[in-house]
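Asks: Build the 3D model from these lines:
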Amino acid sequence: MYDFIIIGGGPAGISAAVCAVSRGLRVLVLEQEKIGGVIGKVSIVSHYTAIVEGETGETFAARMKKQALDAGVQISYETVVEVQLTGKTKIVKTNSDVYESHAVLLANGTTPRTLGIPGEDTLTGKGYALNAAKSAQAYAGKHVYVVGGADGAIKEALYLSRFAKKVFIIHFEDKLGAIPEFTNKLAQLGNVELLLHSRLTEIGGKGQVEWLQLTDEKTGVTTKIEDEGCGIFVYAGATPNTQLYPELHLENGYIPVNEKMETMYQGVYAAGDICVKQVRQAATAVADGAVAAYMAEEYIQLQTAETE
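Replies: Here you go, the predicted model:
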């Protein structure tokens with residue numbers, strides 16, 4: 001029996017784990033892939049207090065993992081397949097074991113949204129739906145296309161511009177939705193072109209992306225672009241990973257919480273991008289996790305006192 005099981009090893013989960021262990025709780029973090037979550041996959045970490053110069057998602061995630069392990073956090077790499085939240089004892093089933101705890105934190109974040117376009121299934125990973133941090137150098141001197149106009153997309157476009165011959169940004173609105181810090185830097189580059197009020201509606205090729213089709217949002221006119229060997233990087237938002245929690249009331253797929261990060265059930269907390277919230281950043285996720293850990297400790301102490 002654990003005191004606190006944390007599902008997800010991103011900034012929210014690791015923050016909660018480190019805080020909870022420091023307060024004497026027996027903690028288990030369940031992570032199905034790598035520590036770091038979404039931020040572990042970005043090219044550059046920004047807007048986080050006291051990051052080291054040149055911090056990448058990979059280095060940030062590595063330092064998170066080291067901090068957790070040094071603190072005594074137990075991390076197990078398993079896929080959670082079922083969670084029972086309503087009872088006093090929380091039950092978490094994975095692909096290899098069954099765990100019990102007094103409290104649980106749901107911090108398994110989001111999954112990047114796909115476009116659902118023809119060619120997506122067969123060409124993913126073959127020039128399409130690439131990761132900028134890992135694939136940028138492979139497209140040195142080539143054309144790359146970035147789908148999206150928000151902060152995440154433009155930050156990765158800036159990174160890709162260091163390597164690519166030309167970066168095309170495909171965005172369905174008339175202007176980008178990124179912050180001035182990023183758009184001002186973009187305006188200074190000579191190898192970036194905006195393809196506004198356009199959507200990527202089809203891709204094709206044999207074994208790799210050879211062409212893409214854009215559709216104008218205003219006129220409906222389609223344009224086929226022949227560009228063999230190009231790379232396409234998609235940043236079209238995200239979907240919350242809440243399919244494991246049918247017992248919970250959701251709002252647009254996200255988990256509502258109060259200021260204590262409590263859900264509708266006692267002993268069940270949620271933190272990070274999986275929650276209903278205004279700002280989804282590493283900084284806010286870390287804060288969520290810390291709050292959840294402190295509140296979980298209080299809850300566990302009360303439960304323990306009642307049974308003595």
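Asks: Nearest residue to the middle of this protein?
Replies: residue 38 (3.0 Å; CA atoms, centre = their mean).
Asks: quick one: contacts for the nearest residue to that one once chain neighbours are set aside?
Replies: Distances taken as CB to CB, 6 or more residues apart in numbering place residue 109 nearest to residue 38, at 6.1 Å, with adjacent residues excluded. C-betas here are computed from N, CA, C, even on glycine. Applying CB atoms under 8 Å, 6 or more residues apart in numbering, we find residue 109 in contact with 8, 10, 12, 37-38, 240-241, 272-274.
Asks: what's the answer for residue 34, then?
Replies: So residue 34 contacts 9, 40, 61 (CB under 8 Å, 6+ apart).
Asks: what does residue 1 give?
Replies: Counting by CB under 8 Å, 6+ apart, residue 1 has contacts 89, 100-102.
Asks: Residue 198 is in contact with residue 217, correct?
Replies: Yes. Residue 217 lies in contact with residue 198 (CB atoms under 8 Å); the separation is 6.5 Å.
Asks: Show me where the stretch 1-150 of the chain dips below the pLDDT cut-off.
Replies: Within the stretch 1-150 of the chain, not a single segment meets pLDDT under 70.
Asks: mind listing the strands for it?
Replies: Applying DSSP state E, counting those that start in this stretch to the stretch 1-150 of the chain gives strands spanning 2-7, 27-31, 74-77, 80-84, 90-94, 98-106, 110-112, 143-147.
Asks: For residue 127, which of those is the nearest?
Replies: Ranking these by proximity to residue 127 (CB to CB) places strand 143-147 first, at 9.6 Å.
Asks: quick check: mean pLDDT across the following helix or strand past that closest one?
Replies: On the C-terminal side of strand 143-147, the closest following helix or strand by DSSP states H and E is helix 151-160. Mean pLDDT, helix 151-160: 96.
Asks: pLDDT weak spots in the stretch 201-308 of the chain?
Replies: Scanning the stretch 201-308 of the chain for pLDDT under 70 picks out 307-308.
Asks: Repeat the analysis, applying 90 as the threshold.
Replies: Residues of the stretch 201-308 of the chain meeting the criterion pLDDT under 90: 303-308.
Asks: all strands in it, in order from the N-terminus.
Replies: For the stretch 201-308 of the chain, the strands defined by DSSP E, counting those that start in this stretch occupy 211-216, 222-226, 231-234, 238-240, 268-270.
Asks: Turn these into TSV, including distance to residue 122.
Replies: Shown next, in TSV, are the strands of the stretch 201-308 of the chain (distance: least, CB to CB, whole Å):
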stretch	distance to residue 122
strand 211-216	14
strand 222-226	18
strand 231-234	13
strand 238-240	21
strand 268-270	36
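Asks: Could you dump these into CSV with distance to residue 255 and mean neighbour count added?
Replies: Converted to CSV, the strands of the stretch 201-308 of the chain look like this (distance: least, CB to CB, whole Å; neighbours: other CB atoms under 10 Å):
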stretch, distance to residue 255, mean neighbour count
strand 211-216, 35, 18
strand 222-226, 39, 12
strand 231-234, 25, 24
strand 238-240, 7, 17
strand 268-270, 4, 28
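Asks: From the contacts of residue 109, pick the one nearest residue 193.
Replies: Closest to residue 193, out of all of these and judged by CB to CB, is residue 38, at 27.2 Å.
Asks: which residues does residue 224 contact?
Replies: 211-213.
Asks: domains for the protein, by residue range?
Replies: 2-110+239-307, 120-234 (automatic domain parsing).
Asks: Just among the contacts of residue 1, which is most surrounded?
Replies: residue 101 (23 neighbours; other CB atoms under 10 Å).
Asks: Distance check, that one against residue 290.
Replies: 19 Å (CB to CB, to the nearest Å).
Asks: swap in residue 179?
Replies: With CB to CB as the criterion, residue 179 and residue 290 are 25 Å apart.
Asks: neighbour-wise, which of the two wins?
Replies: residue 290 (18 against 14).
Asks: tally of neighbours for the closest residue to residue 158 other than its chain neighbours?
Replies: The shortest distance from residue 158 to any non-neighbouring residue, by CB to CB, 6+ apart, is to residue 185 (5.7 Å). Applying other CB under 10 Å, we find 16 other residues in the vicinity of residue 185.
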